[in-house]
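Peer 1: okay, predicted coordinates and the sequence, questions at the end:
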Amino acid sequence: MEFQTRSLSPQESRVVLALTEQGRRDATREEIIRLLGSTPKAADAVIKGLRKKGWLERATWGKYLLVPPDQGPDALGDSNLLALASRVADPYYIGFGTAAAHYGLTTQHRNVVVLVTPSKLRSRNVGEARLKIVHQAQKKFFGFEPVDVFGQRVMMSDREKTALDCIDHPELAGGVGEAAAIFANASRRFDWTKAATYIDRFASSPLAHRVGWLLDHVKADVPQDVRAHLLDLAARTRKTWLGRDPARARAEDPIGFNETWRLFVNVSAEELSGSVGLGQRRTIRNDR
């Protein structure tokens, strides 16, 4: 095997070849020390060399991601950034705007990877991206599964949880307007039974009001029993708002109060114009 632009010393080659032959995509500092059979100081020098040459990328202290030989020197793309992020916390899931982009629910370019975990960690840089750590309450830490991202196994919120998370915290999705568009795009492929169960598990009364209003706004094709359930939840809980708290900051020309969902939409019609009717299923006409 020829290592051209990323040439290796004998010790560096030993690490890369061993991990590659084992089908490994990551390794810890302790594993590399054992693999080399050397002192920690000598192993650290090898790790430093591999990082400098682009063979290893540090995910967090003592944990490294291997950039495989077949990917070349420019391999640190979006897929590896997600893999790097996945090594930072356990348990975790990739969510909000990052998951929405993965599912094609948004066209916004994002240079921030959102990682959700109940662990108390600080946000940091990962590769060339910013890793935003979101500390989520245990009751909301559900609705994720392993997905394959170009050969990398990453835990990510599913389509339903992604959309609901974005409504719950639109600031992590690009704002209310973008969260509404994400919800509209996701709703066309929703498992509505699962979505209704998720809303109940959130145990957040404002979420039912907001989801209900957005269902009508985007004209989602929602089963009547799900809509009825949301109406019941909205009727039994106090009035709330979408957007900023109107008692603190009133939006310019807000849409206003909706009696059906007992919701003050503190967002302008212009900000939500891109998602009006976006949840309707498209039909292909054949005029021949």
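Peer 2: Yep, it's here.
Peer 1: sec struct for R130, please.
Peer 2: strand (DSSP: H, G, I helix; E, B strand; the rest coil).
Peer 1: once you drop chain neighbours, what's closest to it?
Peer 2: Setting aside the residues directly before and after it, R130 is nearest to V112 in space (Cβ to Cβ, 6 or more residues apart in numbering), at 4.7 Å. Glycine gets a C-beta too; all of them are placed from N, C-alpha and C.
Peer 1: do I have it right that that neighbour meets A101?
Peer 2: No. The criterion here is Cβ atoms under 8 Å, and V112 misses it with A101 at 10.5 Å.
Peer 1: tell me the contacts of K139?
Peer 2: R201, F202, A203 (Cβ atoms under 8 Å, 6 or more residues apart in numbering).
Peer 1: any low-confidence regions in the stretch 1-150 of the chain?
Peer 2: For the stretch 1-150 of the chain, applying pLDDT under 70 flags the ranges 1-6, 68-80, 109, 127-128, 150.
Peer 1: hmm, back to that, between V112 and A101, point out the one with more neighbours.
Peer 2: Between V112 and A101, counting by other Cβ atoms under 10 Å, A101 is the more crowded of the two (22 against 13).
Peer 1: host element of that one?
Peer 2: For A101, the element it lies in under DSSP states H and E is helix 96-102.
Peer 1: so which elements touch that helix?
Peer 2: Contact here means 3 or more Cβ pairs under 8 Å, 6 or more residues apart in numbering; DSSP states H and E; on that basis helix 96-102 packs against strand 112-117, strand 152-157, helix 159-168, helix 176-187.
Peer 1: tell me what angle the longest one forms with helix 159-168.
Peer 2: Yep, that's helix 176-187 we're talking about. Interaxial angle, helix 176-187 versus helix 159-168 (axes from the mean of the first three to the mean of the last three Cα atoms, to 10 degrees): 160 degrees.
Peer 1: from the contact counts, what lies against helix 176-187?
Peer 2: helix 96-102, helix 159-168, helix 205-218.
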